[in-house]
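Novice: okay, sequence plus prediction incoming.
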Amino acid sequence: MKIKNICCIGAGYVGGPSMAVIAQKNPNIKVTVVDLNEQRIAAWNDENLNNLPIYEPGLDKVVGEARGRNLFFSTEVDKSIAEAEMIFISVNTPTKTYGTGKGMAADLKYVELCARQISRVATSDKIVVEKSTLPVKTAESIQNILDNTSSGVSFEILSNPEFLAEGTAMRDLDIPDRVLIGGNTSSKAGQAAIKCLVDIYASWVPKKNILTTNVWSSELSKLTANAFLAQRVSSINSLSELCEATGANVQEVAKAIGMDSRIGAKFLQASVGFGGSCFQKDILNLVYISKSLGLNEVANYWHQVILMNNHQRERFAKNIVKTLYNTISGKNIAFLGWAFKKDTNDTRESAAIYVADILIDEQANIKIYDPKVTAIQMQSDLNYLNTRTEAENSKYLQTGTDPYKVLEGAHAIAVLTEWDEFKNYDWQRVYNNMQKPAFVFDGRNLLDKDLMEGIGFNYNSIG
Ligand code: UDX
Ligand code: UDX
């Protein structure tokens, strides 16, 4: 069987870019990305490619090439499901905010809704692909729902987790370290479904980099890949505190251990803490699954990665308060960056949100500049924490689109995102227009210490 039509439910950070690349590399397959959010779909269809709903370097070019040829964005979910032989589920799976597993388990209600919608609409056999990161054994639930609600149609479920990192998504999709496809390896139909998806990726990915496993291995590999990466960040961040206490330099330590080929150099950058939609959610998921299975030591082991990350954010904020003579009430603290990392407009779980929250508790005025995040998004991120009223939040939180204006009159600057442009600012000019003594808290170890101190800044880095 050859796939001619693909439907992807969910036009987010994962569904949008990954389908754009599948369409680009497979001009003979019609790929339709659907979403309930009409505004989002309208933005994907905007003639001006600068208005795509997601900022990702290189995405505009790929969308420009494939859109209207074999890549379509639509809100007609039923129609697209009906005509597709393969359906990707790429909806969000946030941490539950209610009931059993509150604050830990993944909320699978959107995934289940997708499964029910597929079974209601389908009149021919379908391959359903989990693209969202899901707890182990979710495929079993999807299979169950599909088998018990549809009439005479058969479904094969595959797990095909996405390993792209935001900011480098197009490169990660173009030359992935590996593509992982989990399926029912023990049945003929399962093997055929796996082959259909392998063929799609084989259009551009070398066969040796396409890994096929059983479904559970694939689901668990995605969760644990993120847990291992996050663990490295928490490990180096734990050392940053030890470095500050001993006079060691965390960047030197990272370099020294990273040159050990068994350890490797990546993900050893000390920071104000990791953010993003995946790390925290996936680890909490792993913790929850382990707990449910009575594996308390396993659960506690991984939970510590999260606790360390919370600690790092708090430590960073408290250090600002302490350094500014234990009082920041009424002082102006300028934030450079709000996104959870550079080259994305995604702010989910960004450390900046939590740092701002702590500083506002101390009644500081926060003024933020980020090259890609909107003011509305910043306000809504803070409101989402539910720590005070929206009116109070907006009293303390200001934003600006000119970095020099945002930095003017500040008592301190906090660097929360490692955007390249921050390195090239006219720091002498910034210094001249700040309150003195002028403090910098570099949560990303981005700026040049000697340069900053030479100008006269009181410069504080991590570790
Ligand atoms: C993805 C994965 O789906 C998630 O599991 C992973 O852990 C992180 O990345 P992402 O693409 O970043 O999520 O999420 P988001 O940008 O929120 O996109 C999801 C889209 O699905 C939204 O546009 C939402 O409107 C849409 N959606 C959600 C539907 O179309 N139908 C639904 O029932 C629910
Ligand atoms: C991650 C995984 O890398 C990706 O494979 C998965 O599919 C989704 O989750 P993403 O969240 O986009 O991707 O970003 P990533 O580059 O992994 O960074 C996560 C966070 O860790 C960021 O806040 C980043 O700033 C931080 N980080 C990363 C550090 O603080 N130090 C490092 O050395 C590396």
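Specialist: Yep, that arrived. Ligands and ions are numbered 1, 2, ... in the order given.
Novice: how much space separates residue 273 from ligand 1?
Specialist: 18 Å (CB to the nearest ligand atom, to the nearest Å). For glycine as for every other residue, the C-beta is placed from the backbone atoms N, C-alpha and C.
Novice: oh sorry, the question was meant for residue 251
Specialist: From residue 251 to ligand 1 the distance is 30 Å (CB to the nearest ligand atom).
Novice: give the contact list for that residue.
Specialist: Residues in contact with residue 251 (CB atoms under 8 Å, 6 or more residues apart in numbering) are 270, 445, 463.
Novice: quick check, nearest of these to ligand 2?
Specialist: Distances from ligand 2 to the contacts of residue 251, taken as CB to the nearest ligand atom, are shortest for residue 270 (7.1 Å).
Novice: and that closest one, what pLDDT?
Specialist: Reading off the confidence values, residue 270 has pLDDT 98.
Novice: wait, it touches residue 238, no?
Specialist: No - with contact defined as CB atoms under 8 Å, residue 270 does not count as touching residue 238 (9.5 Å).
Novice: for residue 430, what is the enclosing helix or strand?
Specialist: Per DSSP states H and E, residue 430 falls inside helix 427-432.
Novice: adjacent strands (with direction) for the helix or strand just after that helix?
Specialist: Sequence order places strand 439-442 as the next helix or strand after helix 427-432, per DSSP H and E. Next to strand 439-442 in the sheet, as set by DSSP bridges, lie strand 412-415 (parallel), strand 458-461 (parallel).
Novice: how many neighbours does the residue of the stretch 301-450 of the chain found nearest ligand 2 have?
Specialist: In the stretch 301-450 of the chain, the residue that lies nearest ligand 2 is residue 341 (3.9 Å; CB to the nearest ligand atom). Per other CB atoms under 10 Å, the neighbour tally for residue 341 reads 21.
Novice: on that earlier part again, most neighbours among the contacts of residue 251, please name it.
Specialist: In those, the most neighbours by other CB under 10 Å go to residue 270, 25 neighbours.
Novice: against residue 249, how distant is that one?
Specialist: According to CB to CB, to the nearest Å, residue 270 and residue 249 sit 10 Å apart.
Novice: intersection of neighbour lists for the two?
Specialist: Each of residue 463 lies in contact with both residue 270 and residue 249 under the rule CB under 8 Å, 6+ apart.
Novice: so how far is the worst-scoring helix or strand of the chain on mean pLDDT off the chain centroid?
Specialist: One helix or strand of the chain scores below all others by mean pLDDT, DSSP states H and E: helix 138-149, with a mean of 88. How far helix 138-149 lies from its chain's middle: 27 Å, per CA atoms, centre = their mean, to the nearest Å.
Novice: and the angle for the helix or strand immediately after it in the chain with helix 138-149?
Specialist: Counting by DSSP H and E, the element after helix 138-149 in chain order, helix or strand, is strand 155-159. Here strand 155-159 runs at an angle of 170 degrees relative to helix 138-149 (axes from the mean of the first three to the mean of the last three CA atoms, to 10 degrees).
Novice: ok, residue 289 - contacts?
Specialist: 135, 136.
Novice: one step back: mind checking which of the strands paired with strand 439-442 is nearest residue 254?
Specialist: strand 458-461 (12.5 Å; CB to CB).
Novice: what does stretch 219-239 contact?
Specialist: Identification of contacts with stretch 219-239 by CB under 8 Å, 6+ apart yields 130, 133-139, 159, 161, 163, 180, 182, 213, 250, 253-254, 266-271, 273-274, 278-280, 282-283, 285-286, 302, 304-305, 308-309, 312, 462-463.
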